[in-house]
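> Here is my input, please return the structure:
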Amino acid sequence: MRGADNKAAAAPERRNIFQKLVDLVSPGPDSRDQLMESLADAEQKELIEPESRMMLEGVIRMADMIAGDVMVPAPHMDLLDIDAPYDELLHVIIRTGHSRFPVFEERRDNVIGILLAKDLLKLQRSPDLSLRTLLRPAVFVPESKALNDLLRDFRSNRNHLAIVIDEFGSTAGLLTIEDVLEEIVGEIEDEFDDKDGQSSIYTLADGGQRVAGDTSVAVVNGFFDVALPTDEFDTIGGLVAQELGRVPRRGESVTVSGLVFSVMLTRGGAVRWFKVTRAAEEALGSDGA
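Predicted structure coming up:
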């Protein structure tokens, strides 16, 4: 009976909290801070799980976000040249690991379609096949498009990638359905992510190393036989951010103690993966080109 009494006592509190949440949703933006506080209160009282609170807060924040807030800027986009030879296209696909690529003609700003990485295999089987026939229509959206509307479009049109254009009609960047969903649910594990505590440093096909942003500086020092400072930052992501003076963006690079750290993947305002090469190797690669 005592257990039943405890449940009965808890029931009004549970109903009150959720009623409060419902009541706060309707007034509008002026009550958003109060709604956030109510979510924190509900989590503290174990009425909702921490993951549920995170997702609810993500939905609330996303209501004010637009495509320009989430997109990968144009200079950092990975694109394919329609006139590039097959081997070059394959190299870009392997190096970046994406499943979809904007394809341009003559200049990067002229996106003419989207290529699925798996469709490139058709060229290997039929070399005479034109790459143009494999392209899928590109979806263009303005920078000002609300993320809520964009997510609805992604779901209804079954598109996974959109090209973002600025007010002058030029390419401003791109974003994927994964980018939008991660504003709600947080990081989505993919082929770049660690599994079961495996090493956070991997060798890439071109000889470089893929290093997780949360890898300790001491581990990086030991692997590359360098002496990066360990007194201020525990992780390599923190050290690189300090060198740049801000959170690095995808496609950016910085050289520290003879190592070039290039940002491969960012999630939730932090670097998930770096590509790391030695500065001497980068210089040789540039000379060879």
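> Low-confidence bits of the stretch 151-289 of the chain, can you list those?
Confidence mapping of the stretch 151-289 of the chain against pLDDT under 70 gives the ranges 185-199, 204-206, 267-269, 281-289.
> which stretches of it form helices?
177-185, 217-224, 236-244, 279-288 (DSSP state H, counting those that start in this stretch).
> what comes into contact with the shortest one?
Taking contacts as C-beta atoms under 8 Å, 6 or more residues apart in numbering, the residues outside helix 217-224 that touch it are 200-201, 209, 211, 226-230, 233-236, 239, 259, 276, 278. Just so you know, the C-beta spots here come from the backbone N, C-alpha and C atoms, and that holds for glycine as well.
> For it, buried residues please.
217, 219, 220, 221, 224 (16 or more other C-beta atoms under 10 Å).
> export those residues to a markdown table and tack on distance to residue 39?
Formatted as a markdown table, the buried residues of helix 217-224 follow (distance: C-beta to C-beta, whole Å):
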| residue | distance to residue 39 |
| --- | --- |
| 217 | 35 |
| 219 | 36 |
| 220 | 37 |
| 221 | 41 |
| 224 | 43 |
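> surely residue 145 meets residue 69?
No - using C-beta atoms under 8 Å, residue 145 makes no contact with residue 69, being 10.6 Å away.
> These two: which has the busier surroundings?
Set side by side, residue 145 and residue 69 show more neighbours around residue 145, with 18 against 13, by other C-beta atoms under 10 Å.
> what's the closest non-adjacent residue to that one?
residue 67 (4.6 Å; C-beta to C-beta, 6 or more residues apart in numbering).
> Neighbours of that neighbour, how many?
25.
> I'd like to know how far it sits from residue 240.
27 Å (C-beta to C-beta, to the nearest Å).
> go on, residue 261?
Relative to residue 240, and taking C-beta to C-beta, residue 261 is found at 5 Å.
> Same question for residue 227.
Applying C-beta to C-beta to residue 227 and residue 240 gives a distance of 16 Å.
> okay, those two: which has more neighbours?
The neighbour count for residue 227 versus residue 240, taken as other C-beta under 10 Å, is higher for residue 240 (24 against 10).
> quick one, what contacts that one?
With C-beta under 8 Å, 6+ apart, residue 240 has these contacts: 213, 248, 254, 256, 261, 271, 274.
> So what touches stretch 169-182?
Residues outside stretch 169-182 that contact it (C-beta under 8 Å, 6+ apart): 62, 67-68, 70-74, 76-77, 100, 102, 108-109, 111, 143, 147, 150-151, 154, 159-166, 188, 190, 267-268.
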